[in-house]
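**Student:** Based on what follows, work out the 3D shape:
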Amino acid sequence: MNTAIVPYTYFAPIDLVARAIQFKEWNFEVNENYQKQSYRSRQYIYGANGKLLLNIPIKHQKNKTNKRKQVLKEVSIENDFPWQDLHWKSLQAAYRSSPYFEFYEDEIQPLYEKKYKFLIDFNQDCWQILIDFLQIEIATKKTTDFQLKYPAHVKDLRGFAKAKRKHETENLKYTQVFEEKLGFLPNLSILDLLFSEGPNTNVILRE
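**Tutor:** Modelled structure (predicted):
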């Protein structure tokens, strides 16, 4: 089993990345229906007051009589709202004092300056940056059609995009910026782990 079906998420939660890097090929799902309140358009970081949601605003279909669900690859970002500026400032405020924020910020900041029309284009760049940061060799492609189920030799990780689910990081611990004040928060955005542990992130994910 060397192939995984990976959901296009906004800087994936830690447990999704930990599972995905076990495979040599990632087939990104672009043909599924877009699901609200999932990691496809949100990530959680550790802010000064605890768990903080960063949510990408999405353009909803104007025709209310059209009940056809939006396919993920067709979902557009609502750029009338300055979400990129808000998200970048939130990341700076949360992680400026972390050990490795300055190590990664020059590569991440352009994501919040370039204007994206489609959600999957933004998420694709998030994943590519993550692959570069982790220094892993992964063959990537996109799905050509939607399949409800995959054969046993393909690992389906699409369920990891659900925000309301039990996470798989019970034994994964590291030092967080505000941990001493507010305690450890599990399974945040992969950025939380990267900013805290830097190049050691890959090792921690595989433990």
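
**Student:** packing partners for the longest helix along the chain?
**Tutor:** Assignment by DSSP state H gives helix 119-134 as the longest helix of the chain. Judged by 3 or more Cβ pairs under 8 Å, 6 or more residues apart in numbering; DSSP states H and E, the packing partners of helix 119-134 are helix 101-108, helix 201-206. Heads up, the C-betas are built off the backbone N, CA and C, glycines and all.

**Student:** which stretch in these is the model least sure about?
**Tutor:** Of all these, helix 201-206 carries the lowest average pLDDT, namely a mean of 93.

**Student:** Mind listing residues that contact the helix or strand encompassing residue 196?
**Tutor:** For residue 196, the host element (DSSP states H and E) is helix 190-197. Helix 190-197 is contacted from outside by 11-14, 17, 43, 45-46, 91, 95, 98-101, 104, 108, 130, 133, 174-177, 185, 201, 204-205, using Cβ atoms under 8 Å, 6 or more residues apart in numbering.

**Student:** Tell me the gap between stretch 15-25 and the middle of its chain.
**Tutor:** Distance of stretch 15-25 from the chain centroid (Cα atoms, centre = their mean, to the nearest Å) equals 13 Å.

**Student:** how far off helix 101-108 does the helix holding residue 196 point, in degrees?
**Tutor:** 140 degrees (axes from the mean of the first three to the mean of the last three Cα atoms, to 10 degrees).

**Student:** circling back: buried residues, the longest helix of the chain. List them.
**Tutor:** By 16 or more other Cβ atoms under 10 Å, the buried positions in helix 119-134 come out as 119, 120, 122, 123, 124, 126, 127, 129, 130, 131, 133, 134.

**Student:** Mind putting those residues into CSV with distance to residue 155 and pLDDT?
**Tutor:** Listed next are the buried residues of helix 119-134 as CSV, based on distance: Cβ to Cβ, whole Å; pLDDT from 0 to 100:
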residue, distance to residue 155, pLDDT
119, 24, 97
120, 21, 96
122, 25, 98
123, 20, 97
124, 20, 97
126, 21, 97
127, 17, 97
129, 23, 96
130, 18, 96
131, 18, 96
133, 22, 96
134, 18, 95
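
**Student:** of those, closest to residue 21?
**Tutor:** residue 134 (6.9 Å; Cβ to Cβ).

**Student:** Pull the contacting residues for that closest one.
**Tutor:** 17, 21, 201, 202, 205.

**Student:** Tell me the spacing between the third one and residue 121.
**Tutor:** Which is residue 201. Distance, residue 201 to residue 121, using Cβ to Cβ, to the nearest Å: 25 Å.

**Student:** so what's residue 29 bridging to?
**Tutor:** Beta-bridge partners recorded for residue 29 (DSSP bridges): residue 7.

**Student:** one step back: what's the closest of the contacts of residue 134 to residue 28?
**Tutor:** The closest of the contacts of residue 134, once distances to residue 28 are taken by Cβ to Cβ, is residue 17, at 13.6 Å.
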